[in-house]
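> Task: produce atomic coordinates for the following.
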Amino acid sequence: MKLGTLRGRAVMIDGDRALDLGPSLRNVLAQLHTISKLAVDDDAPRFSVDELWAPVPDPRQVFAIALNYAPHAAEAGYTPPDSPLVFTKFPSCITGPVATVALPPGGHTDWEIEVVAVVGRGGRNIPESSAWSALAGVTLGQDLSERLTQLTGRPAQFSLGKSFPGFGPTGSASSSGVTIQGPVG
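Next comes the predicted model:
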């Protein structure tokens with residue numbers, strides 16, 4: 001099952017057809033077990049994948065892991081840390097997979113492709129043994145970074161340099177949104 005956001009509504013996607021599931025994908029993900037048996041009708045209106053927006057356009061929180069890819073860390077002059085270096089991106093930076101992002105003037109913008117894990121239910125104090133059951137699915141993302149802002153000061157300003165408007169494109173026009181691995185719970 002694939003979920004996404006189309007014209008401001010949560011949808012289940014089948015090719016170029018979508019079944020409207022309501023106004024909030026966050027609410028749908030929290031109750032995913034109730035939609036696991038739905039199917040998109042052959043008569044459902046068709047759409048272009050370019051109309052899809054971020055699968056979850058209004059996340060409560062966005063966490064990211066820095067320096068988790070050793071070759072990229074070395075390229076930037078860093079040694080990967082022993083434990084994950086976590087930073088946040090402001091939810092207001094999220095945009096869809098097909099977007100025009102205005103770059104800040106005078107900076108140095110860089111980007112990295114990311115795997116985005118979408119938490120469907122829970123999200124706090126989940127035991128490691130239950131972590132996969134809380135995951136609704138994965139999608140693609142880009143982590144845009146304005147490096148001059150990010151690297152100003154000690155410690156570095158990761159969240160500021162990575163949270164400009166549009167600096168969190170998520171979703172995949174080619175795979176049409178969040179790919180669901182199975183019913184949550």
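
> can you list contacts of stretch 46-62?
Contact with stretch 46-62 is made by 3-8, 13, 16-18, 24-26, 29, 88-91, 93-98, 118, 139, 168-171, 173-174, 176-178, as judged by Cβ atoms under 8 Å, 6 or more residues apart in numbering. From N, CA and C alone the C-beta is placed, and that goes for glycine too.

> And the buried ones among the residues you listed, selectable in PyMOL?
In PyMOL syntax, the buried subset of the contacts of stretch 46-62 is picked out as below (16 or more other Cβ atoms under 10 Å):
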select buried, resi 3+4+5+6+13+17+18+24+25+26+29+89+90+93+94+95+96+97+118+139+168+169+170+171+173+176+177+178
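
> Among the contacts of stretch 46-62, which lie within strands?
3-6, 13, 17-18, 88, 94-95, 118, 139, 168-169, 178 (DSSP state E).

> so how far is stretch 104-116 off the chain centroid?
The chain centre lies 15 Å from the centre of stretch 104-116; the measure is Cα atoms, centre = their mean, to the nearest Å.

> got the CA coordinates for that stretch in CSV?
Extracted in CSV, the C-alpha atoms of stretch 104-116 (Å, rounded to 0.1, in the frame of the first residue of the first chain):
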residue,chain,number,x,y,z
PRO,A,104,19.6,31.8,0.4
PRO,A,105,21.7,34.5,-1.2
GLY,A,106,25.5,34.5,-0.8
GLY,A,107,25.7,31.0,0.8
HIS,A,108,26.9,27.6,-0.2
THR,A,109,24.0,25.2,-0.6
ASP,A,110,24.8,21.5,-0.7
TRP,A,111,22.5,18.5,-0.7
GLU,A,112,22.4,14.8,0.2
ILE,A,113,19.9,12.1,-0.6
GLU,A,114,18.4,10.4,2.4
VAL,A,115,16.2,7.5,3.4
VAL,A,116,13.2,9.0,5.4
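
> Same question for it: list its buried residues.
Applying 16+ other Cβ under 10 Å to stretch 104-116 flags 109, 114, 116 as buried.

> now the farthest one out in this structure, which residue is it?
Asp43 (29.7 Å; Cα atoms, centre = their mean).

> how far away is that residue from Arg9?
For Asp43, the distance to Arg9 (Cβ to Cβ, to the nearest Å) stands at 18 Å.

> Thanks a lot, see you next time.
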